[in-house]
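Have a look at this prediction, sequence included:
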Amino acid sequence: MYLWERKNWPQWEGRLAIFSKDLLRLHHKQSKLLGAMESIGFPLREEARAQILVEEVLKTSAIEGEIFDPIAVRSSVAWHLGVNHGALMAADHSIDGVVEMVLDATTHHDRPLTKQRLFQWHHLLFPSGKNKKLRIGCWRDDNIGPMQVVSGAIGRDRVHYEAPPATRVEKEMKQFLIYLKQEWKESSIDLFLLAARAHLWFVTIHPFDDGNGRIARAISDMILARADQTSYRCYSLSSQIQREQKNYYQQLEFAQHGEMDDADWIAWFLGCLERAIESAQEQLSLVLEKSHCWSQWSHFSLNQRQVTMINRLFHDFRGKLTTSKWAAITKCSPDTALRDIQELIAHGILLKEAAGGRSTSYRLKNHIPFSNEF
């Protein structure tokens, strides 16, 4: 029996009082992170905001198996926020759509969540013509069968979950949106708890043909932004969920087959949220390191190729830096690339790695990349 098949659905019976100590600890860590963000000043705060937004877009899409190019995502984020990341690649409509959805959810966290707003998010996730088989910007109709979450090869597939029939979606979503509106007004439960409950509730209804997971995470982000009372994100929940993806799906499946007590799901969600906040401290350290480095190098006269590649080494560079990679990325000759690199070595910005010959490579002095994925 699924949650929505129970007689008392959707009357939640979570034992919320048991989370008082967890919430106290979470709010303390949240306030420390928010304080650190405020203390670094507007330019660095925008830089950190951009980096976190890039992670959020990359990871919420990766959870659903859609892999975006980090450089293209960074370009889209830079364009939307007006932050210079030395971006070299134009983003496509799919990436822009996810960026716009996440920004709308978090920047306008004080606006009510409505059916029309959800439909707009769905349009952003699936730009016109991307998938003609999907019903875009409207609830699903189950015309090809019930909405199921399935894994495994054909003939050996396993149904993890089956959503309520499409004929119930309108009513189910109306109840969900009324509940959120009441909570905005009454604040009867902590917003961290509300973010967890709303996430589970939405994916249990599964109102769209596709994109339900990404929109559920956007709803959680909207509520968390409301809890932070800021227009920028200080941490990426989706990044942490992606690191714990297997456990994430297991917890959802367990909750959707359980009773109307959502305490176990909330406990996992709060733990994941806490780890996301802790990880954001590392992200903030990277922004501070980058700022410190650029202040040390401000008296050097660097060309645009050098500025671009240094920024790439902080964020988006994969593998080892070689002369040939420099030339390919900046679209210059190998001789020009070598001169650029040698100047940076002379300034003490780059170091030549120990291995020589054809495998000669370079790295930023005293910099340890935050993430090899970028």
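Cool, the structure landed. Numbering: from 1, shown residues only.

Which strand or helix spans the residue positioned nearest the centre of the chain?
For the chain, the residue sitting closest to the mean C-alpha position, by CA atoms, centre = their mean, is residue 56 at 1.5 Å. Assessed by DSSP states H and E, residue 56 sits inside helix 42-63.

Packing partners of the following helix or strand past that helix?
The helix or strand immediately downstream of helix 42-63 is helix 70-81, counting by DSSP H and E. Judged by 3 or more CB pairs under 8 Å, 6 or more residues apart in numbering; DSSP states H and E, helix 70-81 is in contact with helix 42-63, helix 93-107, helix 304-315. For glycine as for every other residue, the C-beta is placed from the backbone atoms N, C-alpha and C.

Is it possible to get TSV of those that adds distance to residue 187 and mean pLDDT?
Converted to TSV, the helices and strands packed on helix 70-81 look like this (distance: least, CB to CB, whole Å; pLDDT from 0 to 100):
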stretch	distance to residue 187	mean pLDDT
helix 42-63	25	87
helix 93-107	19	94
helix 304-315	38	86
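
May I see those helices arranged in TSV, with distance to residue 172 as well?
Below are the helices and strands packed on helix 70-81 laid out as TSV (distance: least, CB to CB, whole Å):
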stretch	distance to residue 172
helix 42-63	23
helix 93-107	21
helix 304-315	41
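
how many neighbours does the closest residue to residue 96 other than its chain neighbours have?
Excluding its sequence neighbours, the residue lying closest to residue 96 (CB to CB, 6 or more residues apart in numbering) is residue 76, at 5.2 Å. Using other CB atoms under 10 Å, residue 76 has 27 neighbouring residues.

Distance-wise, check residue 76 relative to residue 321.
In this view, residue 76 and residue 321 are 24 Å apart by CB to CB, to the nearest Å.

cool, and residue 58?
Shown here: residue 58 relative to residue 321, a distance of 22 Å by CB to CB.

Give me the more crowded residue out of these two.
residue 58 (26 against 21).

got the contact list for the more buried one?
Shown in contact with residue 58 (CB atoms under 8 Å, 6 or more residues apart in numbering): 68, 70, 73, 239.

Turn these into CSV, including neighbour count, pLDDT and distance to residue 102.
Shown next, in CSV, are the contacts of residue 58 (neighbours: other CB atoms under 10 Å; pLDDT from 0 to 100; distance: CB to CB, whole Å):
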residue, neighbour count, pLDDT, distance to residue 102
68, 19, 92, 13
70, 20, 87, 15
73, 26, 90, 11
239, 24, 94, 12
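
Next, format the residues you listed as TSV and append distance to residue 280.
Output for the contacts of residue 58, formatted as TSV (distance: CB to CB, whole Å):
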residue	distance to residue 280
68	21
70	18
73	18
239	9
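
Which one of these is nearest to residue 345?
Distance to residue 345 across the contacts of residue 58 (CB to CB) is lowest for residue 70, with 26.3 Å.

Hmm, that closest one is touching residue 55, no?
No - counting by CB atoms under 8 Å, residue 70 sits too far from residue 55 to count as a contact (9.3 Å).

coming back round to it: among the contacts of residue 58, which one sits closest to residue 216?
When the contacts of residue 58 are compared for distance to residue 216 (CB to CB), residue 239 wins out at 15.6 Å.

any chance you could map the strands in the stretch 201-350 of the chain?
350-352 (DSSP state E, counting those that start in this stretch).

Can you give the domain ranges for the protein?
Split into domains by automatic domain parsing, the chain comes to 3-289, 299-364.

Deepest in the core, which of these is it.
Stretch with highest mean neighbour count among the domains of the chain: domain 3-289 (a mean of 17; mean count of other CB atoms under 10 Å).

what distance separates the start and the end of that domain?
48 Å (CA to CA, to the nearest Å).

One more: stretch 28-48?
Note: stretch 28-48 ends 20 Å apart using CA to CA.

Touching it from outside, list them.
Contacts for stretch 28-48 (CB under 8 Å, 6+ apart): 81, 83, 227-228, 230, 232, 234-235, 274, 277-278, 280-281, 283-284, 287-288, 290-291.

Just the ones in helices from those, please.
By the criterion of DSSP state H, membership of these in helices covers 81, 227-228, 274, 277-278, 280-281, 283-284, 287-288, 290-291.

May I see these arranged in CSV, with distance to residue 349 as well?
Output for the ones in helices among the contacts of stretch 28-48, formatted as CSV (distance: CB to CB, whole Å):
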residue, distance to residue 349
81, 26
227, 40
228, 36
274, 37
277, 32
278, 31
280, 27
281, 26
283, 22
284, 23
287, 18
288, 18
290, 12
291, 15
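
closest to residue 342 among those?
Once CB to CB is applied, the member of the ones in helices among the contacts of stretch 28-48 that ends up nearest residue 342 is residue 290, at 22.7 Å.

Would you confirm that that closest one contacts residue 314?
Yes - counting by CB under 8 Å, residue 290 touches residue 314, with 5.1 Å between them.

wait, which of the ones in helices among the contacts of stretch 28-48 is closest to residue 250?
residue 274 (18.7 Å).

give me the element the closest residue to the closest one other than its chain neighbours is part of.
Of all residues not flanking residue 274 in the chain, residue 26 sits nearest, at 5.7 Å (CB to CB, 6+ apart). Element membership of residue 26, judged by DSSP H and E, is helix 20-39.

Please consider this matter closed, and thank you.
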